[in-house]
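>>> Sequence below, structure please.
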Amino acid sequence: MRILIATQTYDPPLNGQGVFAIHLSRGLARAGHEVLVLRPSELRRPYRRRRRGLEVQGVRALPLLPFSSEVFVTPCPRSEVAAAFERFRPDVVHFQDHYPLCRSAVAAARRRGLPMVGTNHFMPLNIIDEVGLFRLAPGLVDPLLWRWVTSVFGRADVVTSPSETAASLLRARRLKVRAVSNGVDTAHFRPDPRLDRAAVRRRYGLDPRRTVLLFVGRVEREKRLDVLVDALEILGGRDTQLAIAGKGSGERALRAEAGRRLPAGAVVFTGFVPDRDLPALLNCADIFVMPSEAELQSIATLEAMAAGLPVLASDAGALPELVQPGVNGFLFRSGSGRDAAQRLRELAGRRAGWPKMGAAGRAIAEGHDLSRTIRAYEDLYRRLLEKRGRVGPPR
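Numbering: from 1, shown residues only. Predicted coordinates for the structure are as follows:
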């Protein structure tokens, strides 16, 4: 099959959507399909590259200033998108969001009568929490943002989202949605008992003697990392260390807050950690923490579970679909540092049970193995094409 994937974020991945788009495109290419990824050009100018058996086309874009110098938007993508469709001639189109580039891809696919799959990775809280003006009237902004989403996804033949929680949000907007996990590479992320944990900790400035909590992701308001600072302050912050692997606009304020309220060294900011180094960092930690209130699945949590870590997560979004209290970790009341501290005490008191919790998390993650996700989308594309008499039997 010839599959065109349109996405607002790709490589380097700035969020879960970017990670998923990378995994999906590369997995489909490894399976023998022809894949073209359309993305806003991080170089501003148009380009075409072949990598890992697939083609990536950057569409002319501008940085989203003053909000971000890393996010790029395509102000006038229609002609470049149309030319890409004419050149590549896709069998199926898979778009990942409702922003201008994907809107143009959806319009081009409709003009050509092509089957479309849309995967939603968005919820209004992702934007409302980051834009001060939106926070003044979230009750007015929320329905407008959802209308923006459904105006695009309502044109797809099939709509997917990565969890039942995520799917229910769109079902409430009268869209038919099926849940398909983002997936996790359980061969890449796995327990590594031979790892020199102390050496890896030293590399990242972590204390080999402390209980290390690890967060991986964007350092933004919506991730609620302030809750972890609250919890560490309640616990005293002497025997526990929090490692934050990532970057974002909220880092400066979080550093200042941690510096005021916690002992020196209680929080370590590692900066962005590339995918190739993440398994070692996960394996040197003791507990993975995810305090976010805006997770439609959380690939980072799945990766930690695949690496065999017990998880402490908020009871918000789709996180309760991954964390079973007392089995592979604990959930705490969303936004409550006091409850997070209490659950951390419970986990600390069950140190002997951490390996069992890690094994349970690993088993759950194996049910989300990336190969299953790739096969699910291959089958979905094929069924759509077979309905139109455009594809032969499976390879």
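>>> list the helices and strands whichever strand or helix holds Ile364 packs on?
According to DSSP states H and E, Ile364 maps onto helix 354-366. On a contact count with 3 or more CB pairs under 8 Å, 6 or more residues apart in numbering; DSSP states H and E, helix 354-366 meets helix 299-306. For glycine as for every other residue, the C-beta is placed from the backbone atoms N, C-alpha and C.
>>> Can you tell me what sits against the helix or strand just after the helix it packs on?
Next in sequence after helix 299-306, counting helices and strands by DSSP H and E, comes strand 311-314. By CB atoms under 8 Å, 6 or more residues apart in numbering, the list of residues contacting strand 311-314 from outside reads 213, 224, 227, 287-293, 298, 301, 304-305, 319, 322-323, 328-335, 340, 343-344, 347, 361.
>>> Can you point out the buried residues in strand 311-314?
311-314 (16 or more other CB atoms under 10 Å).
>>> Between those residues, which sits nearest Leu206?
Leu312 (17.4 Å; CB to CB).
>>> ok, now how distant is the closest one from Arg338?
Separation of Leu312 from Arg338 (CB to CB, to the nearest Å): 14 Å.
>>> hang on, the earlier thing: and the helix holding Ile364 with helix 299-306, angle?
Going by axes from the mean of the first three to the mean of the last three CA atoms, to 10 degrees, helix 354-366 is angled at 120 degrees with respect to helix 299-306.
>>> Give me the mean pLDDT for helix 354-366.
The average pLDDT within helix 354-366 is 98.
>>> so Gly308 touches Gly358, yeah?
Yes. Under the criterion of CB atoms under 8 Å, Gly308 makes contact with Gly358 at 3.6 Å.
>>> Give the other helices and strands that the helix or strand harbouring Ile5 contacts.
Assigned by DSSP H and E, Ile5 belongs to strand 2-6. Packing partners of strand 2-6 (3+ CB pairs under 8 Å, 6+ apart): helix 16-30, strand 34-40, helix 78-88, strand 92-95, helix 100-111.
>>> what's the most buried one of the ones you listed?
Highest mean neighbour count among these (mean count of other CB atoms under 10 Å): strand 92-95, with a mean of 28.
>>> How far does that one sit from its chain's centre?
Put simply, strand 92-95 sits 19 Å off its chain's centre (CA atoms, centre = their mean, to the nearest Å).
>>> Show me the contact partners of it.
So strand 92-95 is in contact with 1-7, 24, 102, 105-106, 108-109, 114-119, 152, 156, 377, 381, 384-385, going by CB under 8 Å, 6+ apart.
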